[in-house]
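Enquirer: Using only what follows, build the 3D model:
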Amino acid sequence: MKRIVVCLMLLCCLIGTSFAQNRWIKYWLPGKYRIELTEEEKEQYKDLYHQMDENTADSSLRQYSEPYSFEKQYNDYLGISFVPEKEYDDVGRYTWALGLPDEHSISMIDAYMIACKALSEQIHLDDSVLVNCFPWFTYEVSYEQPCWIINFLDCREGTSVPLPYVVMIYAYDGSIGGYDIIERSNG
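Expert: Presented below is the predicted three-dimensional model:
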């Protein structure tokens with residue numbers, strides 16, 4: 001079951017870009033796109049996180065995903081015998097690689113708040129959408145510095161909104177690395 005989840009994560013990372021030349025819709029090097037959150041925005045996004053927590057608590061998607069800790073993700077990743085490598089125009093040669101957060105990494109909640117603000121700035125995504133999206137966190141070491149990759153998974157039943165939104169936050173400086181929107185069909 002765990003290997004299925006790892007394969008699903010890998011598939012999600014690759015499906016949205018399998019026919020594209022770029023890994024991300026927009027991509028920045030570390031430190032090039034920074035977001036400074038005001039105290040009011042921090043409170044706003046903490047409230048959003050708590051509302052999301054309540055709204056998605058009974059979601060089957062969340063119930064399946066939530067117990068899958070970073071350690072479990074990493075251990076399953078170590079058991080994979082083949083990890084595909086691909087060349088992209090924006091990030092160069094990309095080989096999906098997981099790691100574990102360390103003492104130099106920003107917290108998950110800080111990464112969440114920055115990602116929400118980035119989606120608001122870049123695609124004008126409203127909090128009313130994010131409040132129903134469970135954030136699936138992975139910690140990748142595939143880039144110039146480790147990154148939080150946050151997939152905002154829609155937990156509403158029967159939605160036609162193209163999700164998930166994916167945001168990469170550089171773990172050591174909190175700057176935005178990129179964002180993507182992986183579309184899916186409902187038919």
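
Enquirer: For Ile109, which residues are in contact?
Expert: 46, 49 (Cβ atoms under 8 Å, 6 or more residues apart in numbering). Every C-beta, even on glycine, is put in place using the N, C-alpha and C of the backbone.

Enquirer: a strand runs through it, doesn't it?
Expert: No. Judged by DSSP: H, G, I helix; E, B strand; the rest coil, Ile109 forms no part of a strand; its state is helix.

Enquirer: what's the spacing between it and Asp53?
Expert: 11 Å (Cβ to Cβ, to the nearest Å).

Enquirer: now do Trp24
Expert: Trp24 sits 27 Å away from Asp53, going by Cβ to Cβ.

Enquirer: what are the ranges of the helices in this structure?
Expert: Under the criterion DSSP state H, helices of the chain are mapped to 2-15, 39-56, 60-65, 70-78, 108-123, 127-130.

Enquirer: Need the contact partners of the second one.
Expert: By that I understand helix 39-56. Counting by Cβ under 8 Å, 6+ apart, 37, 62, 109, 112-113, 116-117, 127, 130-135, 155 sit against helix 39-56.

Enquirer: in this protein, which residue is closest to the centre?
Expert: Ile150 (1.6 Å; Cα atoms, centre = their mean).
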